[in-house]
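> sequence and predicted structure, then a few things I'm wondering about:
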Amino acid sequence: MAKVLTSRSENYSQWYNDLVLKADLAENSAVRGSMVIKPYGYAIWENIQKVLDRMFKDTGHENAYFPLFIPKSFFSKEASHVDGFAKECAVVTHYRLMNDPNGNGIIVDPDAKLEEELIVRPTSETIIWSTYKNWIQSYRDLPIKINQWANVVRWEMRTRLFLRTAEFLWQEGHTAHETKQEAIDETVTMINVYAEFAEKYMAMPVLKGVKTENERFAGALDTYTIEALMQDGKALQSGTSHFLGQNFAKAFDVKFTSKEGKEEYVWATSWGVSTRLMGALIMAHSDDNGLVLPPKLAPIQVVIVPIYRKEEEFKQVSEVAKGIVSKLRDMNIEVKFDDNDKKKPGWKFAEYELKGVPVRLAIGPRDVQNGTVELARRDTLEKKVIPVEGVEKYIQGLLDEIQENIYRKAFDFRTEKTTKVDSYDEFKKVLKEKGGFILAHWDGTNETEQRIKEETKATIRCIPLDGEPEEGKCMVTGKPSKQRVVFAVAY
RNA sequence: CGGGAUGUAGCUCAGUUCGGUUAGAGUACGCGUCUGGGGGGCGUGGGGUCGGAGGUUCAAAUCCUCUCAUCCCGACCA
């Protein structure tokens, strides 16, 4: 087969870029740092949305939509929040263009300057809490549990398709609660939703944990995260859920009267995942032949490629194929019969492999004769010839098996790439030679964390939620520690 | 914003050092044909303001000046 991708061992990030382009997921646009998501890539995102949206609704949330533009003054109301985002904001200063009087095309009309500049949202806490102020007076108005599907803009210096783009698509949940405990419970519920989604649908094992103060969301009291491990041994933060305390309620003066008649500030959470999940999905399973998609999120789960020479043969093959198509559709399996005569079978094989379609059937005159089909599975690249009779049942089971298999593979990889270390020297050695997650003791201070980051580029990905307590000494300072934390070099 | 590099066909690039026919290749695209069980073969055709502006010269993709854009490496980040 012709090589179209750079191999992972040769250059991992080149491989990733090649793959995104060649699998027709996305491409760079005319706008620096912003991508065009192509139909095949968008179809995967739609599947992600569909599943998550269901999960959000099942946990009591509703969708709504808030403005893209946020008045500049809103940002300054929560101090740490503005610190976190100020350096990467797109700002709208004018509202009109005009013809250049000197004839050099079109220019910004200097008379159309806005009284107050508008910020293109990098996240929506401020606009939403300024709105919640009007919605909340009494404990009877709580909780409010809203999600929005939207685009946001963060003016990043360096961008990469899906992993970091100036504009990206995401969902952001914003909830308001009576009590601290209720808000914390919500934060935990949502990180669990994300973890379940990652593992069950993306077939990607994730570590659940809490961020250190240093890595926390700007304006949060606690940030919960799911961290996935990519094939190059780097970590990818895949979703976050923030306990915001009363910070935004205080900033926007959102108070309610409690049952006891007391005036109190509202407790808040926010949580989100973005098109970055696409990057995670791509990197978690794919190989040097292309994308490997988990069946539960694949836009096409089964593709049928006809092989024929004469019109008559095509007719016979089509008949068999259409029979299989209708049976698979009845079972709610997404199937495509690729009867495009303009592409050759060999071309199609390579193409669908590149696009990560989990199961491929090839049907030719030989199969029509013998009552068979050739079945190829993407995850193992195995091919076999099986009877056409009952093929739909077989495929149904196989899709589950593939989903299971790629999860297992990713899980085993992560296990193999997770190392416990007890000294800083060992830490550096493992980091350099093996990468992956490193479990080590840390004294809990910002200084030590910063020092490790500066010296090794590794950061604390999280303090794991399900980590068992273990007395130990910080690998750097020797001060006491009660639990190991997870280090890795991150995207 | 610091350091490095690159702009030539839809895409990937050669040609620039040392100026000189009609600016090339691979791939993609069109047509014809043989084909078809892993990105096919042969034939043939179309496609270029050589990033832009100015300059030097009999002559500029090539030399000079300015300019625009993009990419890579750092600081920053979902």
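Alright, I've got the coordinates. Small disclaimer: the values here were computed from a predicted structure and weren't measured.

> next one: stretch A:366-384 to chain centre, how far?
Taking CA atoms, centre = their mean, to the nearest Å, one finds stretch A:366-384 lying 33 Å from the centre of the chain it belongs to.

> so what's the residue count around A:Thr459?
A count of nearby residues for A:Thr459, using other CB atoms under 10 Å, gives 21. All C-beta atoms are positioned from the backbone trio N, CA, C, and that covers glycine.

> ditto for the one 4 residues further on
Look at A:Ile463: counted by other CB under 10 Å, it has 17 neighbours.

> can you check A:Ala350 too?
Neighbours of A:Ala350 using other CB under 10 Å come to 16.

> which stretch of helix or strand covers it?
Assigning secondary structure by DSSP states H and E places A:Ala350 in helix A:345-354.

> wait, does that helix contact RNA strand B?
Yes. For helix A:345-354, a contact with RNA strand B is found by CB under 7 Å from any atom of the strand, at A:Pro345, A:Gly346, A:Trp347, A:Phe349, A:Ala350, A:Glu351, A:Glu353, A:Leu354.

> can I get the buried part of these as one ChimeraX selection?
Buried members of those, defined by 16 or more other CB atoms under 10 Å, are picked up in ChimeraX with:
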select /A:349,350,351,353,354
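
> point out where chain A drops to low pLDDT.
In the predicted model of chain A, residues A:1-3, A:102-105 satisfy pLDDT under 70.

> ok, longest helix in it?
The longest helix of chain A (DSSP state H) is helix A:391-416.

> in its sheet, what does the following helix or strand past it sit against?
Next helix or strand after helix A:391-416 toward the C-terminus (DSSP H and E): strand A:418-420. Strand A:418-420 has the following strand partners under DSSP bridges: strand A:437-441 (parallel).

> how about the closest residue in space to A:Gln49 that isn't next to it in sequence, what does it touch?
Leaving aside its chain neighbours, A:Gln49 sits nearest to A:Trp149 (6.7 Å; criterion: CB to CB, 6 or more residues apart in numbering). A:Trp149 makes contact with A:Gln49, A:Asp53, A:Asn63, A:Leu169, A:Trp170, A:Gln171, according to CB atoms under 8 Å, 6 or more residues apart in numbering.

> chain center to the helix or strand harbouring the second one, what's the gap?
Under the criterion of DSSP H and E, A:Asp53 resides in helix A:39-58. For helix A:39-58, the distance between its averaged C-alpha position and the chain's averaged C-alpha position is 11 Å (CA atoms, centre = their mean).

> kindly report the same for stretch A:440-448.
The answer for stretch A:440-448 is 29 Å, by CA atoms, centre = their mean.

> touching RNA strand B at all, it?
No. On the criterion CB under 7 Å from any atom of the strand, stretch A:440-448 is out of touch with RNA strand B, staying 13.3 Å away.

> helices and strands around the helix or strand hosting A:Thr225, which ones?
Per DSSP H and E, A:Thr225 falls inside strand A:222-229. Packing partners of strand A:222-229 (3 or more CB pairs under 8 Å, 6 or more residues apart in numbering; DSSP states H and E): helix A:180-200, strand A:207-210, strand A:235-245, strand A:459-464, strand A:484-488.

> swap the cut-off to 7 Å and go again
helix A:180-200, strand A:207-210, strand A:235-245, strand A:459-464 (3 or more CB pairs under 7 Å, 6 or more residues apart in numbering; DSSP states H and E).

> so which of those gets nearest A:Ser7?
Shortest distance between A:Ser7 and those, using CB to CB, is found for strand A:235-245: 20.6 Å.

> pull out the buried residues from the closest one.
Here strand A:235-245 shows A:Ala235, A:Leu236, A:Gln237, A:Ser238, A:Gly239, A:Thr240, A:Ser241, A:His242, A:Phe243, A:Leu244, A:Gly245 as buried, counting by 16+ other CB under 10 Å.

> quick one: distance of stretch A:417-437 to the chain centre.
Relative to its parent chain, stretch A:417-437 has a centroid offset of 26 Å by CA atoms, centre = their mean.

> quickly check: that stretch near RNA strand B or not.
No. Using CB under 7 Å from any atom of the strand, stretch A:417-437 never reaches RNA strand B; the gap is at least 14.8 Å.

> and the contacts of that stretch?
Here stretch A:417-437 makes contact (CB atoms under 7 Å, 6 or more residues apart in numbering) with A:229, A:233-235, A:438-440, A:456, A:458, A:475-476, A:484, A:486, A:488-489.

> go again using 10 Å as the cut-off
With contact meaning CB atoms under 10 Å, 6 or more residues apart in numbering, stretch A:417-437 is reached by A:207, A:227, A:229-235, A:413-416, A:438-441, A:451-452, A:455-458, A:461-462, A:464, A:470, A:472-478, A:484, A:486-489.

> for chain A, which segments count as helices?
Using DSSP H, helices in chain A cover A:12-22, A:39-58, A:72-75, A:79-85, A:125-135, A:180-200, A:247-251, A:276-285, A:311-330, A:345-354, A:365-370, A:391-416, A:424-433, A:446-456.

> the third one packs against which elements?
Contact analysis of helix A:72-75 by 3 or more CB pairs under 10 Å, 6 or more residues apart in numbering; DSSP states H and E lists helix A:79-85, strand A:91-94, strand A:113-120, helix A:125-135 as its packing neighbours.

> pull out the buried positions in it.
Using 16+ other CB under 10 Å as the test for burial, helix A:72-75 gives A:Lys72, A:Phe74, A:Phe75.

> any idea how far the last one lies from A:Glu172?
In this structure, A:Phe75 and A:Glu172 are 16 Å apart, going by CB to CB, to the nearest Å.

> buried subset of the contacts of stretch A:417-437, written for ChimeraX?
Buried residues among the contacts of stretch A:417-437 (16+ other CB under 10 Å), as a ChimeraX selection:
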select /A:207,227,229,230,231,232,233,234,235,413,414,438,439,440,441,452,456,458,461,462,464,474,475,476,477,484,486,487,488,489
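
> tell me the residues of the stretch 301-450 of chain A that contact RNA strand B?
Contact residues, the stretch 301-450 of chain A versus RNA strand B (CB under 7 Å from any atom of the strand): A:307-309, A:341, A:344-347, A:349-351, A:353-354, A:362-367, A:373-374, A:376, A:381, A:383.

> for the longest helix of chain A, buried residues please.
Buried residues in helix A:391-416, counted by 16+ other CB under 10 Å: A:391-392, A:395-396, A:398-399, A:402-403, A:405-407, A:409-410, A:413-414.

> nearest to RNA strand B among these?
A:Val391 (12.6 Å; CB to the nearest atom of the strand).

> so that closest one makes contact with A:Leu361?
Yes. The pair A:Val391 and A:Leu361 qualifies as a contact (CB atoms under 10 Å) at a distance of 7.5 Å.

> which residues does A:Leu207 contact?
Contacts of A:Leu207 by CB under 10 Å, 6+ apart are A:195, A:225-229, A:235, A:238, A:414, A:418, A:437, A:461-462, A:464-467, A:486, A:488.

> centroid residue for chain A?
Closest residue to the average C-alpha location of chain A: A:Leu277 at 1.5 Å, with CA atoms, centre = their mean.

> I figured that residue hits A:Gly41, correct?
No. Using CB under 10 Å, A:Leu277 makes no contact with A:Gly41, being 11.8 Å away.
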